[in-house]
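1. My questions concern the predicted model and sequence given below.
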Protein chains: 2
Amino acid sequence: MSSDDKPYHHGDLRAALLAAAEAELAERGIEAFSLRSVAKRAGVSHAAPAHHFGDAGGLLTALAAEGFRQFLAAQAAREAVAAGDPASQLVAAGLGYVDFAIARPTLFRLLWQSDRPDFTDADLGPAARAAYQHLVDQVMAAGGRTTADEAAVWAIAHGLADLLAAGRLRTVGTLPTDARDAMVAGIIRRALP
Amino acid sequence: MSSDDKPYHHGDLRAALLAAAEAELAERGIEAFSLRSVAKRAGVSHAAPAHHFGDAGGLLTALAAEGFRQFLAAQAAREAVAAGDPASQLVAAGLGYVDFAIARPTLFRLLWQSDRPDFTDADLGPAARAAYQHLVDQVMAAGGRTTADEAAVWAIAHGLADLLAAGRLRTVGTLPTDARDAMVAGIIRRALP
DNA sequence: GGCGTAATCCTGACACTGTCAAGATAAGAG
DNA sequence: CTCTTATCTTGACAGTGTCAGGATTACGCC
């Protein structure tokens, strides 16, 4: 078949729909998200997603599960280039937390502030827990002892990430990358005992 | 007229619609928010809100403006019963920030994570800025000197508020009120220089 | 090779949504 | 009392998610 043919069977529609969904999310925002738009962008009929994801919530659930894995990967990427001591690793995880929020703000919002994904899903549930549990584990490794230590680090990383993703906190968001990293790192360290 | 009459003119439909909108928001969540449901709840036709708010975005804009004022009031309420020194006042403002998020999580989400309200609106714009500017001002009064000080306090208060509003951070959220307040206060103090 | 089953995708329909246009009703000014 | 204006309703339209049924293709099995 020639390259512009549209075979009845897509081949990898599930992945294509997930990619289209994230693009739609980034362009139109989470509140204007439309399943039919996603289908149109992927070049299939409006009811095609149903077979792979059930309903709109199912698509967003799958997208969120994938998102949490990438969220964790963003933290791991920072840790890989950081010093090996526990405190540095913790700060690196926090930087990755913020990186993800800045790079993909709408997806970040889907992960943390949306009630459309089904967090009891067998795939999403563990993925979500693993994502923030990682940060909490780092706190203990870095000398944290109490639940207040956990909460403080999580809250400060999450607060920075959320405010930056929303475009508030201009004094930090408009900084050059290096300076911003340094400031974020310094702020995260304040939460440690 | 008897009590169950439905006069053609409502009397104070604008306020009734705002109240109905917040109730709908709390019950159905921000992503399932429906203008027609709000109208039905207020006992008027589906097009009645248009006259007062233009479109759905206009209603949410007005609701957000009112929300920001109440958000500021929650901080003021805590400050009124706190010690007068700047540090105590700052912690009190943070506690009010968290109070509001816990008491009205969906409205909190409308204020901070929704793109449906029009933040360039002549009423909402100033109301929003005033709400978080207040916290930033408190930082300076309490000895803050740098933008990092501002960002740290704002981020930690916002992070706690957002995580608690979303039902994460169970270790803090399930605490008795007094203990939770004490922990939140202690965490906020970590952000100070 | 051919066949039957199952997976995949499409078409059409339904109820619901936001928004607009036009009309009905009531309040208030003169 | 009349006229103007604000307020609210009715009806229509396009767009949305979801379901039922049908069309098309892939794949295992002979």
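-> In hand now; what should we look at?

2. Name the helix or strand for residue A:57, please.
-> For residue A:57, the enclosing helix or strand under DSSP states H and E is helix A:56-80.

3. Ignore what I typed, I meant residue A:140.
-> Element membership for residue A:140, per DSSP H and E: helix A:124-141.

4. tell me the mean pLDDT for the helix holding residue A:57?
-> Mean pLDDT, computed over helix A:56-80, is 97.

5. about what we covered before: buried ones in the helix holding residue A:140?
-> Of the residues in helix A:124-141, those buried by neighbour count under the rule 16 or more other CB atoms under 10 Å in any protein chain shown are A:124, A:127-128, A:131-132, A:134-136, A:138-139. To be clear about C-beta, it is placed using only N, CA and C from the backbone, and glycine gets the same treatment.

6. ok, the helix or strand following it near chain B or not?
-> Next helix or strand after helix A:124-141 toward the C-terminus (DSSP H and E): helix A:147-165. Yes. Using CB under 8 Å from any CB of the partner chain as the criterion, contacts between helix A:147-165 and chain B involve A:147-148, A:150-152, A:154-160, A:162-163.

7. follow-up on the earlier one: list the buried residues in the helix holding residue A:57.
-> Buried-residue list, helix A:56-80, by 16+ other CB under 10 Å: A:56, A:58-68, A:71-72, A:74-75, A:78-79.

8. And the contacts of that helix?
-> A:17-18, A:21-22, A:25, A:33, A:35, A:38, A:49, A:52-53, A:89, A:92-93, A:95-97, A:99-100, A:103-104, A:107-108, A:110-111, A:114, A:116-118, A:121, A:123-124, A:127-128, A:130-131, A:134-135 (CB atoms under 8 Å, 6 or more residues apart in numbering or on different chains).

9. do stretch A:106-123 as well
-> For stretch A:106-123, contacts defined as CB under 8 Å, 6+ apart pick out A:22, A:25-26, A:29-30, A:56-58, A:60-65, A:67-68, A:71, A:100-101, A:124-125, A:128, A:131, A:158, A:161-162, A:165, B:29, B:31, B:109, B:113, B:162, B:166.

10. can you give me how far it is from the chain middle?
-> Mean-position distance between stretch A:106-123 and its chain equals 9 Å (CA atoms, centre = their mean, to the nearest Å).

11. Kindly check the end-to-end length of it for me.
-> End-to-end distance for stretch A:106-123: 21 Å, by CA to CA, to the nearest Å.

12. per-residue confidence averaged over it?
-> The predicted model gives stretch A:106-123 an average pLDDT of 97.

13. gap between the residue of chain A found nearest chain B and DNA strand C?
-> Here chain A gets closest to chain B at one residue, residue A:159, 2.7 Å apart by CB to the nearest CB. According to CB to the nearest atom of the strand, to the nearest Å, residue A:159 stands 31 Å off from DNA strand C.

14. For that residue, which non-adjacent residue is closest in space?
-> Beyond its immediate neighbours in the sequence, the residue positioned closest to residue A:159 (CB to CB, 6 or more residues apart in numbering or on different chains) is residue B:159, lying 2.7 Å away.

15. quick one: pLDDT of the one you found?
-> At residue B:159, pLDDT is 98.

16. Next up, the contacts around it.
-> Shown in contact with residue B:159 (CB under 8 Å, 6+ apart): A:154-160, A:162.

17. shaky segments in chain A?
-> Filtered on pLDDT under 70, chain A yields the residue ranges A:1-6, A:8-9.

18. rerun that using 90 as the cut-off
-> A:1-12, A:132, A:135-136, A:192-193 (pLDDT under 90).

19. domain parsing for it?
-> Per the record, chain A has its domains at A:1-54, A:55-190, by automatic domain parsing.

20. and among those, the most buried is which?
-> Among the domains of chain A, judged by mean count of other CB atoms under 10 Å in any protein chain shown, the one packed with the most neighbours on average is domain A:55-190 (a mean of 19).

21. Do any residues in that domain lie close to DNA strand D?
-> Yes. Counting by CB under 7 Å from any atom of the strand, DNA strand D is contacted by domain A:55-190 at A:55-57.

22. can those go into a markdown table with extra columns for distance to DNA strand C?
-> Written out in a markdown table, the entries for the residues of domain A:55-190 next to DNA strand D read as follows (distance: CB to the nearest atom of the strand, whole Å):
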| residue | distance to DNA strand C |
| --- | --- |
| A:55 | 13 |
| A:56 | 13 |
| A:57 | 16 |
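
23. List the contacts of residue A:153.
-> With CB under 8 Å, 6+ apart as the criterion, the residues that contact residue A:153 are A:90, A:94, A:135-136, A:138-139, A:144, A:188, A:191-192.

24. One more pass at 6 Å, please.
-> Remark: with contacts taken as CB atoms under 6 Å, 6 or more residues apart in numbering or on different chains, residue A:153 is in contact with A:139, A:191.

25. Any figure for the gap between it and DNA strand D?
-> According to CB to the nearest atom of the strand, residue A:153 and DNA strand D sit 37 Å apart.

26. and what of residue A:167?
-> Residue A:167 is 25 Å from DNA strand D, where distance means CB to the nearest atom of the strand.

27. which non-adjacent residue is nearest that residue?
-> Nearest residue to residue A:167 in three dimensions, chain neighbours excluded: residue A:173, at 6.9 Å (CB to CB, 6+ apart).

28. Residue A:148 contacts residue B:183, correct?
-> Yes. Taking contacts as CB atoms under 6 Å, residue A:148 lies within contact range of residue B:183: 5.4 Å.

29. one step back: output the residues of domain A:55-190 next to DNA strand D in TSV, with distance to residue A:13 appended to each entry.
-> Converted to TSV, the residues of domain A:55-190 next to DNA strand D look like this (distance: CB to CB, whole Å):
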residue	distance to residue A:13
A:55	16
A:56	16
A:57	18
